[in-house]
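Asker: Dropping the sequence and predicted coords here.
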Amino acid sequence: MKPLAKHLVLLIILLSTISITAQLKAKTYKKNKTYTVKKWEVIDIKFKNTSKVASPFTENFDAIFTHKNGNTQKVSGFYNGNSEWLLRFSASLEGEWTFKTTSSIKKLQNKRGKIIVSKNNQNNKGAIVLNKENPQHFYYENGDPYFLMAFECDWLYALDYKNNKEIPKTNHFLDLLNQNGFNQIVMNVFSYDVSWKKDEKLKKHPEHEFGGPQDIFPFLGNNKNPDYSSLNPDFFKKLDRTISLMHDKRIVSHLMIYVWNKLVAWPDMDSKADNMYFDYVVKRYQAFPNIVWDISKEALYYGRADETYILNRIKRVRKLDNYKRLLSVHDFKFCSKYADKVDFISTQDWRHNIYNRMLEVQEKYKNKPVFNIEHGGYEESPYTVFTGDYTNAEYCLRRNYMCLFAGVYSTYYWQGASWNVLIYNPFEQPEDFSKPKFEYFKHLTKLFTKFDFSTMKPMPWKNTSSYNLTDKNETILLYVPKENFGSNVWYLQPKHGKRTVQWFNTLTGEFTEEKMAGKNQKQINPWRYKADAILISKKID
């Protein structure tokens, strides 16, 4: 091997190792010590207390962080097992911060320290927030628009759980999602198993089956024999690795604190154990800028919770979350009835006329983003896991575009990774294994990076036989299904102003050459009958 090539290989290995082992910055508390962290990054400050505490997971341990300009940030500490307590801190303000702890535990009381927050990494834009000037869209804290493209993966917590040193599978999978435009994962803190029949082919590939773990549980014991007297800190330490790595890769964790339809042996609602678990999750993960809260998957289904319970859970989050992360509930009935209680509207709509349905919701909630968290499209995989109503990859992609052209954010499900089956390396599987069409979403996000989704509005009165998004500069995107023979787009004719036209292939990401619009009223997709396409037209002043 040539020296240059050898050095390149070593560099790649080094970078790969860094990304696999990247963990939270953790420092042991020492009196009068000054700590450093970058803006929007996370630091753990570790404290030791060997004295006996009757209920460490519910014990109050807090700190007030004060910036030199007078701004304050309360931080809820938590027990981390083995006589260790943590303050987990991140800041959106550079400069010097001092802190002072409060606790009924004598050894944790009145501890003081200093943190210097330096300039953020260029690719760290902060938490996901709302914008009063453009309330139907998401933004980063630094002001840049956030184009949400989500991927559901309920068993992500389990992928590297049994690897105590590193999380290489998780790293590989997250890189794969990142490379294909996904920047949010809808995930559970814990899922146990599915109730539907499992594909017999899984018996030949047990490495892809993650349902029914007997040695993973957020409480003591396991799902079959739970011990609700205490939480399992090792479970959360391992979940930390995943959330932290997602943050390093700038992927948002849409964290569903509960799930009702995955056979989890939850403690009774509002019991001490229930509150201990719920409060601990909020305390432990709120400092991560990449957190978005969701009370529960299938929040009002499966005979578990009612509206009162969900409302009370929201109150608990609002009280405990000192960082005020965004919050929603995986249930449209709840979100529509209590829109003032959530930060964005989550809907599940499988209907065939999804564009019209999403347009109705988008027009109803003018002051909040709308997120179709499940549109009934579950792309086929080597195993039949859960088919929903649509499994064809192109049609699943189309449903995402239908949501977007109605001004609504969307998500993607692949049967090989969204539930108990998790194939973290699908493109390294045998040739006879069907591969997911992740690249379709790489092209989708490329399009909405080139044309800012946050500036575009649906124009249904200008749809013709396509679907219209138009921005403030009168740049028009027209989504044209492949079955369309031709669209009569009268407003693109030269007599209505000079314009360019260009086409985008939704399956390949290919752009045609940009040309001046001609007198011909009918616009014909160059990939007619082969691929859905988008006609792009810019106004020429």
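Answerer: Great, that's in hand.

Asker: Kindly confirm my reading that F99 forms part of a helix.
Answerer: No: looking at F99 with DSSP: H, G, I helix; E, B strand; the rest coil, it is strand, so not inside a helix.

Asker: So what's the residue count around it?
Answerer: Counted by other Cβ atoms under 10 Å, the residues lying close to F99 total 21. C-beta here means a position set from N, CA and C on the backbone, and glycine is covered the same way.

Asker: go on, W293?
Answerer: Neighbour tally, W293, other Cβ under 10 Å: 25.

Asker: Past the strand or helix carrying it, which element shows up next along the chain?
Answerer: Assigned by DSSP states H and E, W293 belongs to strand 291-297. Remark: after strand 291-297, the chain's next helix or strand is helix 307-320, criterion DSSP H and E.

Asker: residues in contact with K262?
Answerer: By Cβ atoms under 8 Å, 6 or more residues apart in numbering, the residues touching K262 are 154, 188, 191-194, 297.

Asker: Apply 7 Å and report the result again.
Answerer: By Cβ atoms under 7 Å, 6 or more residues apart in numbering, the residues touching K262 are 154, 188, 191-194.

Asker: Just give me the closest of the residues you listed to D268.
Answerer: Y192 (17.0 Å; Cβ to Cβ).

Asker: Can you pull the phi/psi pair for the closest one?
Answerer: The phi and psi values for Y192, taken as degrees, to the nearest 10, are phi -100, psi -60.

Asker: got it, and L422?
Answerer: According to degrees, to the nearest 10, L422 has phi -140, psi 100.

Asker: Not counting stretch 394-408 itself, show me its contacts.
Answerer: By Cβ under 7 Å, 6+ apart, the surrounding residues in contact with stretch 394-408 are 136, 354-355, 358-359, 361-362, 370, 372, 375, 377, 379, 390, 409-410, 412, 440, 444, 453, 457-458, 467, 469, 479, 506-507, 532.

Asker: Tell me the buried residues in that stretch?
Answerer: When burial is assessed from 16 or more other Cβ atoms under 10 Å, stretch 394-408 yields the following buried residues: 396-408.

Asker: Which residue ranges of the stretch 201-350 of the chain form helices?
Answerer: Applying DSSP state H, counting those that start in this stretch to the stretch 201-350 of the chain gives helices spanning 233-248, 272-285, 307-320, 332-337.

Asker: The last one - contacts with which helices or strands?
Answerer: Under the contact criterion of 3 or more Cβ pairs under 7 Å, 6 or more residues apart in numbering; DSSP states H and E, helix 332-337 touches strand 345-348.

Asker: What of the second one?
Answerer: Here helix 272-285 touches strand 78-79, strand 226-231, strand 252-259, helix 307-320, going by 3+ Cβ pairs under 7 Å, 6+ apart.

Asker: One more: the first one?
Answerer: Based on contacts counted as 3+ Cβ pairs under 7 Å, 6+ apart, the elements that helix 233-248 packs against are helix 168-179.

Asker: Determine the set of other helices and strands touching the helix or strand following the helix it packs on.
Answerer: Using DSSP H and E, the helix or strand that follows helix 168-179 in sequence is strand 184-188. Helices and strands touching strand 184-188, by 3+ Cβ pairs under 7 Å, 6+ apart, are strand 149-152, strand 252-259.

Asker: Pull up the gap between the residue positioned nearest the centre of the chain and D240, please.
Answerer: Centroid check for the chain by Cα atoms, centre = their mean gives Q184 as the closest residue, at 2.6 Å. To D240, Q184 is 19 Å away according to Cβ to Cβ, to the nearest Å.

Asker: Y409: neighbouring residues, count only.
Answerer: Y409 has 25 neighbours, counted by other Cβ under 10 Å.

Asker: pretty sure it contacts I373?
Answerer: No: judged on Cβ atoms under 7 Å, Y409 makes no contact with I373 at a distance of 8.9 Å.

Asker: Show the contacting residues for the closest residue to L130 other than its chain neighbours.
Answerer: Residue nearest to L130 in three dimensions, not counting chain neighbours: D343, with 6.3 Å by Cβ to Cβ, 6 or more residues apart in numbering. By Cβ under 7 Å, 6+ apart, the contact list for D343 reads 130, 326-328.

Asker: remind me which residues of this structure are low pLDDT?
Answerer: Applying pLDDT under 70 to the chain picks out residues 1-23.

Asker: picking that back up, mind putting the contacts of K262 into a markdown table with neighbour count and distance to K498?
Answerer: As requested, the contacts of K262 are exported to a markdown table (neighbours: other Cβ atoms under 10 Å; distance: Cβ to Cβ, whole Å):
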| residue | neighbour count | distance to K498 |
| --- | --- | --- |
| D154 | 24 | 51 |
| N188 | 23 | 52 |
| S191 | 26 | 55 |
| Y192 | 21 | 61 |
| D193 | 18 | 60 |
| V194 | 19 | 56 |
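
Asker: What is the nearest of these to Y491?
Answerer: D154 (44.6 Å).

Asker: correct me, but that closest one touches A417?
Answerer: No: using Cβ under 7 Å, D154 makes no contact with A417, being 9.3 Å away.

Asker: Pairing partners for the closest residue to Y29 other than its chain neighbours in the sheet, please.
Answerer: If the residues on either side of it in the chain are set aside, Y29 comes closest to F47, at 4.9 Å by Cβ to Cβ, 6+ apart. Following DSSP bridges, F47 is listed with bridge partners W85.

Asker: which ones are touching F47?
Answerer: With contacts defined as Cβ under 7 Å, 6+ apart, F47 is in contact with 29, 85, 108, 111.

Asker: Can you tell me which of these end up in helices?
Answerer: Taking DSSP state H, every one of those sits outside helices.

Asker: Out of these, which is nearest to F57?
Answerer: Of all the contacts of F47, W85 has the smallest distance to F57: 10.9 Å, by Cβ to Cβ.

Asker: in which helix or strand would I find V37?
Answerer: With DSSP H and E as criterion, V37 is part of strand 34-38.

Asker: Name every strand pairing with that strand and say which way it goes.
Answerer: With DSSP bridges as the test, strand 34-38 is paired with strand 112-118 (parallel).

Asker: What residues sit buried inside the strand it pairs with?
Answerer: 113, 115, 117.

Asker: Hmm, the first one is touching K33, no?
Answerer: In this case it means G113. Yes: contact status for G113 versus K33: in contact at 6.1 Å, counting by Cβ under 7 Å.

Asker: Between those two, which contacts overlap?
Answerer: With contacts taken as Cβ under 7 Å, 6+ apart, G113 and K33 have no neighbour in common.

Asker: Dump the strand holding V37 to PDB, restricted to CA.
Answerer: Output of strand 34-38 as PDB, limited to C-alpha atoms (Å, rounded to 0.1, in the frame of the first residue of the first chain):
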ATOM      1  CA  THR A  34     -13.800  25.800  36.200                       C
ATOM      2  CA  TYR A  35     -15.300  23.700  33.500                       C
ATOM      3  CA  THR A  36     -15.600  24.400  29.800                       C
ATOM      4  CA  VAL A  37     -18.100  23.400  27.200                       C
ATOM      5  CA  LYS A  38     -19.200  24.700  23.900                       C
END
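
Asker: what's next to it, contact-wise?
Answerer: Strand 34-38 is touched from outside by 25, 27, 43, 45, 113-121, with contacts defined as Cβ under 7 Å, 6+ apart.

Asker: Equivalent analysis for stretch 524-532, please.
Answerer: Identification of contacts with stretch 524-532 by Cβ under 7 Å, 6+ apart yields 398, 479-482, 484, 486, 503, 505-507, 512, 533.

Asker: Sitting in strands, which of those residues do you find?
Answerer: Judged by DSSP state E, these include 479-480, 503, 505, 533 as members of strands.

Asker: The residues you listed into TSV, with extra columns for neighbour count and distance to N178?
Answerer: As requested, the ones in strands among the contacts of stretch 524-532 are exported to TSV (neighbours: other Cβ under 10 Å; distance: Cβ to Cβ, whole Å):
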residue	neighbour count	distance to N178
Y479	22	25
V480	26	29
W503	21	27
N505	19	23
A533	27	26
